[in-house]
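Trainee: Please find the sequence and the predicted model below.
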Amino acid sequence: MKKIISILAGLPYMAVLFTVAVFGLMVLLCGSEKLPEGPLTRDLSVMAQAAQETTDTTAETTVTTTETTTAETTEETTTETTVTTETSTDTSTDTGTETTADTSDSTASGSSSGSDTHTPAVPNEIYNFVSAGESPNSDFYQSRLTVIGDSIAYGFNCYGFIPTEHNLATESVSIWNFNEFTFDKGGGTMSIVDAANYVHPSLIYISLGLNDVNNHDPAGFAATYSAIISQLQSYMPDAVIVIGSITPVSADCWFTDNATIMEYNNAIAGMAAGFASPRVLYFDAFSVLCDPYTNAQNSAHAGGDGIHLGPSAYSLVLSSLFNFLDYNGASDLIY
């Protein structure tokens, strides 16, 4: 660079300007030319194209995955919604090692301590439910009805025949685990009996036993059941308590058979009679729902798994129950 400057310094002024001008023109021309297409530029072009194709493929894959995930999520959500509706009244048919008809994650956390604090049953007009029954007292009974029990009992709420405020039934409840289940009806988490006392209904319907037929003998089952009824009576001595029989299953049911169910129902009937009270009644729901020719679950009212019940079954049971209450003069005892 010093030599160039020395040379330029020795040249006349115009020569220097001419040389600088020529040099600048050459730089300008060379800078405006494109690089010749050689291996490097081709490789860069290929890499850019490959990168773009990869990006496009990734984008397509992402879209496909998103669509698939959305579809699967929608399907799963639909399935879960359906299953939720069904399993509210339908027992899981997974045999596994379970011995109960009902299978689900419960929120059982032990029973709460007894309490005499309660709120009166809320009048009918506050709630909306599917009306049932032909008795002139149907609305009167239905507005006061609180249901206790397992997934069979839960169907009354699931299909809209009683409001959630009057539902004390859920999956997997049985005589042997009865005190493990809790509800919160506005006064905090309580055992089933304490929650019933909080709601304080004048009419209670209980449906239990389907989860007990494989875990008890009829006599032991009835004795434990009797203790639960006595506890309810101690809190609500003026309530009418209707003990429903275990409902029939299909002839090919995998879980149990109707002969076994009838043994337990006979024990329930005897237990209810032992109270010798017009406020403790046994209701034969089995006969209402069985096929008169096969003595098995009537397919017209079946829930689809051979164990549980469809919506029409609950309407039929309530109609028969209300007529039964009329016949026994229960309307005069219910407030």
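Mentor: Structure's in. What do you need? Note that the structure is a prediction, hence the values are computed from the model and not measured.
Trainee: residue ranges for the helices of the stretch 151-300 of the chain, please.
Mentor: Here the stretch 151-300 of the chain has its helices, by DSSP state H, counting those that start in this stretch, at 151-158, 192-199, 218-235, 258-274, 285-289.
Trainee: which of those helices is buried the deepest?
Mentor: Of all these, helix 151-158 carries the top mean neighbour count, a mean of 27, counting by mean count of other CB atoms under 10 Å. Just so you know, the C-beta spots here come from the backbone N, C-alpha and C atoms, and that holds for glycine as well.
Trainee: Check which helices and strands that helix sits against.
Mentor: strand 145-149, strand 167-169, strand 203-207, helix 311-327 (3 or more CB pairs under 8 Å, 6 or more residues apart in numbering; DSSP states H and E).
Trainee: which outside residues touch the longest one?
Mentor: Looking back up the chat, that one is helix 311-327. Here helix 311-327 makes contact (CB atoms under 8 Å, 6 or more residues apart in numbering) with 130, 132-135, 137-138, 141-142, 155-156, 159, 161, 203, 205, 240, 242, 244, 247, 281, 283, 285, 288-289, 300-303, 331, 334.
Trainee: try the second one
Mentor: Strand 167-169 is touched from outside by 146-151, 153-154, 156-157, 183, 185, 192, 195-196, 199, 207, with contacts defined as CB under 8 Å, 6+ apart.
Trainee: What mean pLDDT does that strand get?
Mentor: Mean pLDDT, computed over strand 167-169, is 98.
Trainee: Direction included, what does it pair up with?
Mentor: strand 145-149 (parallel) (DSSP bridges).
Trainee: was I right about Gly304 contacting Gly310?
Mentor: Yes. Shown here, Gly304 and Gly310 form a contact pair, counting by CB atoms under 8 Å, at 7.4 Å.
Trainee: Look at the two and report which has more neighbours.
Mentor: The neighbour count for Gly304 versus Gly310, taken as other CB atoms under 10 Å, is higher for Gly310 (19 against 13).
Trainee: and that one, what is it in contact with?
Mentor: Gly310 neighbours (CB under 8 Å, 6+ apart): His301, Ala302, Gly303, Gly304.
Trainee: Can you give the domain ranges for the chain?
Mentor: Here the domain parsing of the chain from automatic domain parsing is 2-27, 124-332.
Trainee: right, so the ones you listed: which one is the most enclosed?
Mentor: domain 124-332 (a mean of 20).
Trainee: any weak-confidence spans in this protein?
Mentor: Within the chain, the ranges that satisfy pLDDT under 70 run 1-126.
Trainee: Now do the strands in it.
Mentor: For the chain, strands defined by DSSP state E occupy the ranges 145-149, 167-169, 182-184, 189-191, 203-207, 240-244, 280-283.
Trainee: now those strands in TSV, with distance to Gln233?
Mentor: Compiled in TSV, these are given as follows (distance: least, CB to CB, whole Å):
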stretch	distance to Gln233
strand 145-149	13
strand 167-169	16
strand 182-184	19
strand 189-191	16
strand 203-207	10
strand 240-244	7
strand 280-283	7
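Trainee: Minimum distance to Ala272: which of those strands has it?
Mentor: Closest approach to Ala272 among those (CB to CB): strand 280-283, 3.7 Å.
Trainee: show me what contacts Val288?
Mentor: Counting by CB under 8 Å, 6+ apart, the residues that Val288 touches are Leu316, Val317, Ser320.
Trainee: That should have said Pro163, apologies.
Mentor: By CB under 8 Å, 6+ apart, the neighbours of Pro163 are Tyr127, Asn128, Phe129, Asn157.
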